[in-house]
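J.: dropping the sequence and predicted coords here.
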Amino acid sequence: MKRERKLPNFRTREEEARFWDTHSMTDYLGELEPADDVFTLAPSLAEKIRERAKTRAISLRLPQWEIDGAKRVAKKNGVGYQVLINIWIAEALRREARRCRWAT
């Protein structure tokens, strides 16, 4: 079980946002206050979220050694190998999107 850490005091919302971009809330569960506020998303934003959440099955042929390697890494990290491959694809897509934005 992870040891809970002390939550720092933030001077600005931007500082807090940067902190949460690089830290897990699970490390600070004991210090977080319950949120009772209810909010409603704009219909256009809700639709974008629904569209991004849709998935579609594809067939992807990989050499057996790559599948075996992904299974070993996934087991070490406590996730399924298909989940791990999805994470790797998403990370590569984000990395390429950032690289392409910088190149323009």
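T.: Noted; the coordinates are in hand.
J.: after the worst-scoring helix or strand of the chain on mean pLDDT, which helix or strand is next? Please name it.
T.: Lowest by mean pLDDT, DSSP states H and E among the helices and strands of the chain is helix 43-53, with a mean of 86. Proceeding N to C from helix 43-53, the next assigned helix or strand is helix 64-77, under DSSP states H and E.
J.: what helices or strands is the very next helix or strand once past that next one leaning on?
T.: Moving toward the C-terminus from helix 64-77, the next helix or strand (DSSP H and E) is helix 81-103. Contact here means 3 or more CB pairs under 8 Å, 6 or more residues apart in numbering; DSSP states H and E; on that basis helix 81-103 packs against helix 64-77. Any C-beta I mention is one placed from the backbone N, CA and C, and that applies to glycine too.
J.: now do the helix it packs on and helix 81-103, the angle between them.
T.: Put simply, helix 64-77 runs at 100 degrees to helix 81-103, going by axes from the mean of the first three to the mean of the last three CA atoms, to 10 degrees.
J.: just want the most central residue of this structure.
T.: I87 (8.2 Å; CA atoms, centre = their mean).
J.: and for the nearest residue to that one once chain neighbours are set aside, the neighbour number?
T.: In this structure, I87 finds its nearest non-sequential neighbour in V79, 7.8 Å apart by CB to CB, 6 or more residues apart in numbering. V79: 13 surrounding residues under other CB atoms under 10 Å.
J.: pLDDT weak spots in the chain?
T.: 1-5, 102-104 (pLDDT under 70).
J.: try 80 this time
T.: Scanning the chain for pLDDT under 80 picks out the ranges 1-5, 26, 29-30, 32, 35, 101-104.
J.: next one: S24 from F39, what distance?
T.: Distance check for S24 against F39: by CB to CB, to the nearest Å, it reads 23 Å.
J.: out of those two, which sits in the busier spot?
T.: S24 (10 against 5).
J.: distance check, the more buried one against A53.
T.: Applying CB to CB to S24 and A53 gives a distance of 22 Å.
J.: likewise for E14?
T.: Applying CB to CB, the value for E14 to A53 is 28 Å.
J.: swap in K76?
T.: For K76, the distance to A53 - CB to CB - is 28 Å.
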